[in-house]
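Chemist: Everything below, folded, please.
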Amino acid sequence: MAELTPPKKQRLIFIDVMRGIAVLLMVETHVIDVVLTNSLKTGFFYDNINMLNGFIAVSFLFCAGAGFWLAAQRKVEDYKHFRPPLWVYLRRLGLILIIAYWLHFPALSLQKFFYLRPQDWLSFFQCDVLQTIVYSSLIALLILLISPKLKYLPYIFGALSLAVFLLAPIVWNGDPFTIMPPFFASLFAKYPIAKFPMLPWSGYFFGGVAITALFMNSEDKKKTAIIMAIVSGLLVIAIYSTRYYTDFYPGYKNWWYCSPFHSMYRISGSIFAFSILFLIEKYYKERRIGNMLKLCGQESLFIYTGHLLVVYGSIANFGMKYYVSNRLDWFGAILIIAALCAVSYGLAMGWNIIKNNYPQRSRFIMAAIALLFIIVFVFNPV
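Modeler: Residues are numbered from 1 along each chain as shown. The predicted structure follows:
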């Protein structure tokens, strides 16, 4: 493989579209989880929807890995020489991490923080999707900084992804709280203590880095995408069809949570979507649906954060989980999904316009929101 040369800055529409589809399907997943009555959470239709939803967070992490590589191959020298793009990237990761923990904030009062129970702190520090993205990004950045040549990185990240998948059930079989400080243990604790623990979920991020690197470095991208689509599609079918025969791997015995075979099944689905969206890009990139999905992908953090506040609520507001709580049928759930997706898109479009055309104003809005939260947090007695 020839040494990669930094290309001119460009956005790959199909990756934005894939991220946009993933974040909108997150809306669907969380709404169904919260509003659909439990009596309807069974049967062929729900089971297949639930199985499809299992690929969504995986694809979100996969796209985060793809985004890391696209930026890294352009800015590797800036990163290695600690130039401004590195600090811009680290500031963005810092913002994402602040949002990640803010979403789990246990109390809107500094006084209450002195009386939090251990389980409250555990909930605050639990590892969710955004935490996994940030910590995986920092690991990937460190590997990039110490790697002598860019051409080795696809194989390093591919091996790291596989290692994470293989280690996950072994780690899940133990108790990290007995050998690590609570904060670090919370990153590796098995579900439900951590919703998206680093093992196996960081493997999808590293896999996204590796696949995107190999794809971008290929001379014939169309041929590569076709091969990737065929191989990944066959793997999805083969691994799912043999799921009852692959429970021999040592460690935590639950195929649907952390089996290496299940992880390969999930990432194969993301690779399949990645390949197909590239192959059909010309059919949607100039159409309205393509532009809408692309914008959702570009503003995925905004939509992700906003819809969680609406669906699950926060310390500052009640969400659908409080008001509805598994009381609707499919018709009602679909109406809410459609309405929330439409509102999310409209707000994301407005935020995108402000951010791109009035960057100073967007920074002022974020600073004002942060300051308001700090004031309320410090002076709120209850």
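Chemist: mean confidence score for the helix or strand where L167 lies?
Modeler: Assigned by DSSP states H and E, L167 falls within helix 153-172. The average pLDDT within helix 153-172 is 97.
Chemist: got it, and stretch 250-265?
Modeler: The predicted model assigns stretch 250-265 a mean pLDDT of 94.
Chemist: now swap in stretch 222-240 and tell me
Modeler: The pLDDT scores in stretch 222-240 average 97.
Chemist: ok and whichever strand or helix holds F274 relative to helix 153-172, angle-wise?
Modeler: Under DSSP H and E, the secondary-structure element containing F274 is helix 260-279. Using axes from the mean of the first three to the mean of the last three Cα atoms, to 10 degrees, the inter-axis angle of helix 260-279 relative to helix 153-172 is 140 degrees.
Chemist: Now the following helix or strand past helix 260-279: buried residues?
Modeler: Moving toward the C-terminus from helix 260-279, the first helix or strand encountered (DSSP H and E) is helix 281-284. Within helix 281-284, the residues that qualify as buried are 281, 284, counting by 16 or more other Cβ atoms under 10 Å. For every residue, glycine as well, the C-beta is placed using N, CA and C.
Chemist: again with stretch 50-59
Modeler: Buried residues in stretch 50-59, counting neighbours by 16+ other Cβ under 10 Å, are found at 53, 55-59.
Chemist: ok so, going back, buried residues, the helix holding L167. List them.
Modeler: Buried residues in helix 153-172, counted by 16+ other Cβ under 10 Å: 153-154, 156-158, 160-162, 164-169, 171-172.
Chemist: ditto for stretch 35-46
Modeler: The neighbour-count criterion (16+ other Cβ under 10 Å) identifies 35-36 as the buried residues of stretch 35-46.
Chemist: same thing with stretch 374-382?
Modeler: Neighbour-count burial for stretch 374-382, with 16+ other Cβ under 10 Å as criterion, is recorded at F377.
Chemist: contact partners of that stretch?
Modeler: Identification of contacts with stretch 374-382 by Cβ atoms under 8 Å, 6 or more residues apart in numbering yields 108-112.
Chemist: Now, of the residues you listed, which are buried?
Modeler: Among the contacts of stretch 374-382, the ones that count as buried by 16+ other Cβ under 10 Å are 109, 112.
Chemist: circling back to that earlier point, as a markdown table, the buried residues of stretch 50-59 with secondary structure and pLDDT would be great.
Modeler: Rendered in a markdown table, the data for these read as follows (DSSP: H, G, I helix; E, B strand; the rest coil; pLDDT from 0 to 100):
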| residue | secondary structure | pLDDT |
| --- | --- | --- |
| N53 | helix | 93 |
| F55 | coil | 95 |
| I56 | helix | 96 |
| A57 | helix | 96 |
| V58 | helix | 97 |
| S59 | helix | 97 |
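Chemist: just curious, which of those residues is nearest to G332?
Modeler: Checking those against G332 with Cβ to Cβ, the nearest one is N53 at 18.5 Å.
Chemist: so that closest one makes contact with L25?
Modeler: Yes - the criterion here is Cβ atoms under 8 Å, and N53 meets it with L25 at 6.9 Å.
Chemist: Return the host helix or strand of H307 as PDB; C-alpha atoms alone will do.
Modeler: Using DSSP H and E, the element containing H307 is helix 300-311. C-alpha atoms of helix 300-311 as PDB (Å, rounded to 0.1, in the frame of the first residue of the first chain):
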ATOM      1  CA  SER A 300     -26.200  14.400  14.500                       C
ATOM      2  CA  LEU A 301     -24.900  15.600  17.900                       C
ATOM      3  CA  PHE A 302     -27.600  18.300  18.100                       C
ATOM      4  CA  ILE A 303     -30.400  15.800  17.100                       C
ATOM      5  CA  TYR A 304     -29.000  13.100  19.400                       C
ATOM      6  CA  THR A 305     -28.900  15.400  22.400                       C
ATOM      7  CA  GLY A 306     -32.200  17.100  21.700                       C
ATOM      8  CA  HIS A 307     -34.300  14.000  21.200                       C
ATOM      9  CA  LEU A 308     -32.900  12.400  24.400                       C
ATOM     10  CA  LEU A 309     -34.000  15.400  26.400                       C
ATOM     11  CA  VAL A 310     -37.500  15.100  24.900                       C
ATOM     12  CA  VAL A 311     -37.800  11.300  25.200                       C
END
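Chemist: now it, how far from the centre of its chain.
Modeler: Its chain's average C-alpha position is 12 Å from that of helix 300-311, according to Cα atoms, centre = their mean, to the nearest Å.
Chemist: Check stretch 190-207 too.
Modeler: For stretch 190-207, the distance from its own C-alpha centre to the chain's C-alpha centre is 10 Å (Cα atoms, centre = their mean).
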